[in-house]
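Student: Structure, please.
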Amino acid sequence: MASESLQRERLQAVEQDMVRDLNREKTLGATDAPAAVCSGSLPD
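Tutor: Next comes the predicted model:
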């Protein structure tokens, strides 16, 4: 179905954005960045 593939593409885009944000936080060393707090995936 077309809507299914659209949802899958949107989900992949969101995941890519999350990965990009996580990588940016790692390079900056900002473990307390708002994005990390919101996603609830803070490194320990």
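
Student: Please identify the buried residues of the lengthiest helix in the chain?
Tutor: For the chain, the helix with the greatest residue count under DSSP state H is helix 2-28. For helix 2-28, burial by neighbour count (16 or more other CB atoms under 10 Å) applies to 21-22, 25. From N, CA and C alone the C-beta is placed, and that goes for glycine too.

Student: Could you save the residues you listed as a markdown table and add columns showing distance to residue 11 and pLDDT?
Tutor: Shown next, in a markdown table, are these (distance: CB to CB, whole Å; pLDDT from 0 to 100):
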| residue | distance to residue 11 | pLDDT |
| --- | --- | --- |
| 21 | 16 | 89 |
| 22 | 16 | 88 |
| 25 | 21 | 79 |
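
Student: Please render those as TSV that adds distance to residue 1 to the earlier fields.
Tutor: Shown next, in TSV, are these (distance: CB to CB, whole Å):
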residue	distance to residue 1
21	30
22	31
25	36
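
Student: Of these, which is the nearest to residue 10?
Tutor: Lowest distance from residue 10 to the buried residues of helix 2-28 (CB to CB) belongs to residue 21, with 16.7 Å.

Student: helices and strands around the longest helix of the chain, which ones?
Tutor: Counting contacts by 3 or more CB pairs under 8 Å, 6 or more residues apart in numbering; DSSP states H and E, helix 2-28 is packed against helix 34-39.

Student: Report the mean per-residue pLDDT for the helix it packs on.
Tutor: Averaged over helix 34-39, pLDDT sits at 55.

Student: before we move on, what about stretch 8-17?
Tutor: On average, the pLDDT along stretch 8-17 is 95.
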